[in-house]
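Trainee: one predicted model, sequence on top.
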Amino acid sequence: MTSRKRTRVVGRPYPKVDGAAKVTGQTKFADDIVLPRMLHCKLLRSRLAHARILSIDVSRALAAPGVVAVVTGRDLPIPFGILPVSQDEHALSTDRVRYVGDPVAAVAAVDEDAASDALAAIDVEYEPLPPVGTIEEGLRPASTPLHDYGDSGNIHKLVSMEFGHTDDGFARADRIYEDLFFYEGSTHLPLEQHAAVADFGPDGRLTLWSSTQTPHYVHRALSKVLAMAPSKVRVIATSNGGGFGGKSDVFNHEIVVAHLSRVTGRPVKICLTREEVFYCHRGRHPTLMKVRTGVKRDGAVTAMHFQTVLDGGGYGSYGVASTYYTGALQTVTYEIPAYRFDGARVFTNKPPCGPKRGHGTPQPRFAVEVQLDKIACDLGLDPVEIRRRHLHPRGTLTANFLRVGSMGLGACIDKVVAASGWGTRRGRLPYGRGLGLACSSYLCGAGLPIYWNSMPQSGVQLKLDRSGGVTVFCGSTEIGQGSDSILASIVAEVLGIDPFDIRIVTGDTDLTPVDLGSYSSRVTLMTGNAAIQAAERARAMLAAASAGKLGIPESRVALDGGRVFDAEDPGKGIAFPEAVALAESRFGTLGTVGSYSPPPSAGRYRGAGVGPSPAYSYSAAVVEVEVDPETGIYAVEKVWIAHDVGKCINPVLVMGQVEGSVYMGLGEAMMEEMAYRTDANGNVVHKFPSMLEYKSPTTKEMPPVETFLVEDPDDNGPFGAKEVGQGPLLPIPPAVANAIFDAVGVRIDEVPVTPEKIYRALKAKALGQPPRYGPAGFPPVPYPEPIHVPTPAEGGDGKAVDAAVTGAGGVR
Amino acid sequence: MARNAKKNWDADGRAVVGLVVNGQALEAAFAPHKTLLEVLREDLNLPGTKHGCELGECGTCAVLVDGKPMLSCLLLGLECEGRRIETVEAMSGPGGLHPLQKAFADLGAAQCGYCTPGILLTAKALLEANPNPSLAEIREALAGNLCRCTGYIKIFEAVELAAAWLRGEAAQPRHESLYGSDFDESGLLPVVRNGNG
Amino acid sequence: MMRLPKFRYFAPTSVREAVRIKSDSGPDGAFVAGGTDLYPNMKRRQQTPRVVIGLSRIPTLRRIRAGAEGAALGAAAALSSIEGHRRIRRDYPGLVRAITEISTPPLRNMGTLGGNVLLDTRCNYYDQTFEWRQAIDFCMKKDGAICWVAPASPRCLAVQSADSVPVLIALSARAVFVSAEGEREMPLDELYRNDGIHYLAKKPDELLTEIRLPSKGGWKASYRKLRRRGAFDFPVLSVGAALRQEGAVVSEARLVLGGVASAPVRLGRAEELLRGRLLDDGAIAEAADAASESSRPMDNTDFSFLWRKEMTRRFVAAALRELA
């Protein structure tokens, strides 16, 4: 374990630097921006799930009162997409619509009413095409696939990789278990609806304010689709009223308002309705999973074969990465010496899926943790012990070449097991009451950027001047998680000042150095490291300039408590502003920079780009439920969760992320469903795109949560810190399912775990059928032959071996 | 005689309506089909009131009308004639933050801050009616305000803390609210005051 | 932002004036009290009245009176004001329980008892935006020709979803209407029709002014509601039960289901079964079984209709057990 450097600011529960603005309603969200002469935009969206656009006539709309401009896909023909391999979206559909809600035209008018009214005057002629509504339909050969790219028909992506020899592993196993699981799609449901304001100035420069988590990627897409020099485009990420991954893609409306502003010469705003937010989606992929696991009698895994099929929706989005993520992180919690993963993503005529808190990993984590619970049961082992005994060792590579650094999962398990009274209560509570355990891990930033480049993933600039003021500039995006506050705490720690004496400027592509954005739990680790570097450089300048004045060598200069002083004689010192003035005199105008690039990953096989991270966080949770066996209706009575965050930069913010993740995990576990129906006309529609019918937990459903913050510092983290924004969601759904089993003895192999599913499983049990509710079969998926990668234990170097050598056939 | 016949209408066909907003009696002119939410944000320059669905399904737009939490998205501006409207903009003043606001800031009960105005006002109405609410009563009072960030826990704790402050107690946040249970503080140096190293 | 369509707004100060404006505006006119049902429907263009007649300036409609002879609840009384009324809480706790389960606290500060009693029937093919309904080619309740819940159905299957109604009917409440022709009073039981479109046996010009409850008179009532969450959600199965007992024997029982049909469902057979019986487990089980037969939910709300039907027995039994 890394030795702990004691800290003064870092580790303290400061209020968020933007807390006062938020509690007074002063924070400016995108929809709060009002500019002179501003127009309002509305999008006409497809009412068909799948159709060709034969014609669009906007003449009536153009003549409608208050309308200033109407645009269609013809005006914006250049495609875009978040991943370079999936440039399959258009700002407005050009020839094809792929889901109900796909935008086809846009109006700018003097007010929202006029813009809305004009939509009805746009005449679109469609030729309906057969829609694809399910995974099974997506796997069938298609006469008119959604896209003209992908692996075949409507199969967007197929991957297959094997690490080590799973056949040998299964042969060594005492028992082999095979289970099917399904994890339903869910959406982020940020309270703030997406909004954007564009202002194309007379100088030919474009400014876009948007509720985005990824201003840098929006910047790139705007430049591409609008065919403008990137230097003429400025994207400002306004404070996000909730993100959770839902605002980390580039959206049609952002490009459309930018174009409309260019066309009209006036600022243009759009704020989506709640229904439209459902259509933006990019949420959790519905995922069907088949898991085959071989174990020894003591629960040690000998091999795992994990298969997934993801329902991707109508576009690529982050889907290729999501697909890999459903197979990437199984290996970082418990030792899996041989591992095979087959993944597939299909296009369906629904809003596109993408990254939601945990991106692609809650689904497989649910499967792994529920299956482990079953295995423990079957082998007569304590679910705690089957995990505790086989933890992945720290400081080593997994079978798929992920580098596990600090690893506090054991400590996490110990905390929740002790606090929940597991040892005396699990399996011994009255019928209807039960405890369930699950663990998980998540990455601290994706090891690779979304588009290939060798530049830093995060940059920080620091400005200091004679006022004593310090300003931090960083491209990171405040989405409520507290990234601005993290920057303040870290810089304050290094410079020995108060975090509230630091001004933070973030998320502005003109003013701030590039940071890739608030996704993949990368911000604290990456911006934190960049901020430390910038601050250390500033500190060195301050020390050099102050040493002379204090008459001591530089090495003795200390910065703390707003002073710069002699470490050996703390009474001898000067105030921080004076030190800055000395430095400014000596070095001229003061500014420093810091940047961060993750260490190179060990895997060098195709697909090795997804999964590597500078560090992995760990979580363990115990959930207690009370089930009414008569109805299946249940309540989560309590959650105990421990999270290894490496080091708390600000514990009260860490607490907020843990509790928020638990909440969101409970929402998915208990009730949230992105549900669709194929109507009698064969159209695929979202079943109920509303806050009322998309069930998100209220105060009434939220149980008490006891949180334990475990600090197992990681060498790659700033002050040892690891992520906390996503990881603690992961153990919750499987812990709920495992608790249901402990309470009433039935297995719910599906998320959400609804009362009806429990009721059905209990009925099945009463009839002597398998006491289970879950998927009954796994469709045939044309997975390719896997690439073969020898594991580190086998002496592998991270590369796939030649297919011909292993006789495994062609690799596509 | 219908009330609206007495109402003033301006040249653009907008109703001129007397409202009491944040303690100030004023006249506002707006189209008759506008909701209070739209009037506050678009006509009275009070964007602190947020919106999440405009259909009464999330609670984000809650304001106080005659002291009671109501959803501004489902009230006509016209229906508020003569009524007392209170928005988040009035919660703090030159004297600083309202205790609820301070507690929310201190405990991180406002993460993204978007549901916060509606929750603060709803909590304020609760504490005015019930200075010492139980956790169950806080849950019930806030059951109509969705939050996606916090899991509500910090919100409950902040309401409890502010309630204690408003009762005149010298309460502090509970240690486990800030650090969780069993936190190992050995890595922390003592806090120093600014300028007194 | 979801916005209201344009309309003319009137704020009469008397019932007589309100009724006259309604009569003048004909089918284009709509009364509005709390607005928590009408305005969302208007924003989704399910209803598009050209004239909206606000009732908030008529003080008599907000009056709540309660005494030994019964209670009279003004139709425009806010739900929370009924919840908070001391005498109502004491005499009609079953009703207060049902009202407390309506939606959310801020909604109950706005929504009114009359609004709940007259609540538009609900269906997840209907309670959608104009654009969504356009995607399914509309339904017969608004702008379309067929019922998507059951395309062969000659009538609309939208669901009666008012929390207060089953208990009010169980308590033999009566509704008072005023129109240009005068005042009439009818048992609430007779107000509803099992048709999702024409769900009220009320003339369009009539204004609901009051709900009258008979004297408490030994009646006890309970309410059970099935929904996904502890707030916001409408009932997708609900049970209002009221009993009068002599000693331990049930002398009269009134049981009503909500959330499973276009009208509240009176459980006549179950009521018969209970009369003259001790309210023991056996009687409760028999009544619950009988009730279950009358429960025929359709697939147009949250939760599956099969499970909602299967839950009927258990919810009726729970409502009865509370009264035992």
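Mentor: That came through, no problem.
Trainee: wait, what's in contact with B:Gly59?
Mentor: Contact partners of B:Gly59, counting by CB atoms under 8 Å, 6 or more residues apart in numbering or on different chains, are B:Gly52, B:Leu71, B:Cys115, B:Gly118, B:Ile119, B:Thr122, B:Gly144, B:Asn145, B:Leu146, C:Thr104, C:Pro106. C-beta: built from backbone N, CA, C; applies to glycine.
Trainee: swap the cut-off to 6 Å and go again
Mentor: B:Gly59 is in contact with B:Gly118, B:Gly144, B:Asn145, B:Leu146, counting by CB atoms under 6 Å, 6 or more residues apart in numbering or on different chains.
Trainee: nearest to A:Gln213 among those?
Mentor: For the contacts of B:Gly59, the closest approach to A:Gln213 (CB to CB) belongs to B:Leu146, at 20.2 Å.
Trainee: how near is the closest one to C:Met186?
Mentor: Here B:Leu146 is placed at a distance of 39 Å from C:Met186 (CB to CB, to the nearest Å).
Trainee: on that earlier part again, list just the nearest of the contacts of B:Gly59 to A:Asp382.
Mentor: B:Leu146 (38.3 Å).
Trainee: grab the nearest non-local neighbour of the closest one.
Mentor: Spatial nearest neighbour of B:Leu146, chain neighbours left out: B:Cys58 (4.7 Å); criterion: CB to CB, 6 or more residues apart in numbering or on different chains.
Trainee: isn't that neighbour up against B:His51?
Mentor: No - using CB atoms under 6 Å, B:Cys58 is not in contact with B:His51, being 8.4 Å away.
Trainee: who's more crowded, these two?
Mentor: Using other CB atoms under 10 Å in any protein chain shown as the criterion, B:Cys58 and B:His51 rank with B:Cys58 on top: 30 against 26.
Trainee: am I right that that one falls within a strand?
Mentor: No - read with DSSP: H, G, I helix; E, B strand; the rest coil, B:Cys58 is coil and lies in no strand.
Trainee: which residues are in contact with the residue in the stretch 101-250 of chain C positioned nearest to chain A?
Mentor: Distances between the stretch 101-250 of chain C and chain A by CB to the nearest CB are smallest at C:Gly230, namely 2.8 Å. Contacts here follow CB under 6 Å, 6+ apart; on that basis C:Gly230 touches A:Lys700.
Trainee: can you tell me the SS state at it?
Mentor: State at C:Gly230, reduced to three classes by three-state DSSP: coil.
Trainee: please apply the same query to the one 10 residues further on.
Mentor: Remark: C:Gly240 carries the secondary structure label strand [criterion: three-state DSSP].
Trainee: quick check, it in contact with C:Pro166.
Mentor: Yes - with contact defined as CB under 6 Å, C:Gly240 reaches C:Pro166; the gap is 2.8 Å.
Trainee: now list whatever residues contact both of those two.
Mentor: C:Val256.
Trainee: and the helix ranked longest in chain C, what does it pack onto?
Mentor: Determined from DSSP state H, the single longest helix within chain C is helix C:305-323. Judged by 3 or more CB pairs under 6 Å, 6 or more residues apart in numbering or on different chains; DSSP states H and E, the packing partners of helix C:305-323 are strand C:219-226, strand C:237-246, helix C:281-293.
Trainee: and stretch C:57-72, what's buried?
Mentor: By neighbour count on 16 or more other CB atoms under 10 Å in any protein chain shown, the buried set for stretch C:57-72 is C:Arg57, C:Ile58, C:Leu61, C:Arg62, C:Ile64, C:Ala66, C:Gly70, C:Ala71, C:Ala72.
Trainee: and what of stretch C:23-41?
Mentor: Using 16+ other CB under 10 Å as the burial criterion, the residues of stretch C:23-41 that qualify are C:25, C:29-41.
Trainee: same check, this time on stretch A:575-591
Mentor: The neighbour-count check on stretch A:575-591 (16+ other CB under 10 Å) flags A:Ala575, A:Phe576, A:Pro577, A:Glu578, A:Ala579, A:Val580, A:Ala581, A:Leu582, A:Ala583, A:Glu584, A:Leu590, A:Gly591 as buried.
Trainee: between C:Gly240 and C:Pro166, which has more neighbouring residues?
Mentor: Applying other CB under 10 Å to C:Gly240 and C:Pro166 shows that C:Pro166 carries more neighbours, namely 33 against 30.
Trainee: need the phi and psi values for that one.
Mentor: phi -60, psi -40 (degrees, to the nearest 10).
Trainee: at which residues are the helices of the stretch 1-150 of chain A located?
Mentor: Using DSSP state H, counting those that start in this stretch, the helices of the stretch 1-150 of chain A run over A:19-23, A:59-62, A:112-119, A:135-139.
Trainee: for the stretch 151-300 of chain C, what are the low-confidence residue spans?
Mentor: For the stretch 151-300 of chain C, no stretch has pLDDT under 70.
Trainee: ranges for the helices of it?
Mentor: Under the criterion DSSP H, counting those that start in this stretch, the stretch 151-300 of chain C carries helices at the ranges C:164-170, C:268-274, C:281-293.
Trainee: run through the residues that contact the residue in chain B that chain C sits nearest to.
Mentor: Residue nearest to chain C within chain B: B:Gly144 (2.6 Å; CB to the nearest CB). Going by CB under 6 Å, 6+ apart, B:Gly144 touches B:Gly59, C:Thr104, C:Pro105, C:Pro106, C:Ala231.
Trainee: make it 7 Å
Mentor: Each residue near B:Gly144 by CB atoms under 7 Å, 6 or more residues apart in numbering or on different chains is listed here: B:Gly59, C:Thr104, C:Pro105, C:Pro106, C:Leu107, C:Ala231.
Trainee: got it, and A:Gly469?
Mentor: Contacts of A:Gly469 (CB under 7 Å, 6+ apart): A:Arg503.
Trainee: can we see that at 8 Å?
Mentor: Each residue near A:Gly469 by CB under 8 Å, 6+ apart is listed here: A:Asp501, A:Arg503.
Trainee: same thing with A:Ile574?
Mentor: Going by CB under 8 Å, 6+ apart, A:Ile574 touches A:Ser546, A:Lys549, A:Leu550, A:Arg563, A:Val564, A:Phe565, A:Leu582.
Trainee: ok, now A:Gly745?
Mentor: If you count contacts by CB under 8 Å, 6+ apart, A:Gly745 has them with A:Lys765, A:Pro771.
Trainee: ramachandran angles for it?
Mentor: Backbone torsions of A:Gly745, given as degrees, to the nearest 10, read phi 80, psi 20.
Trainee: noted, bye for now.
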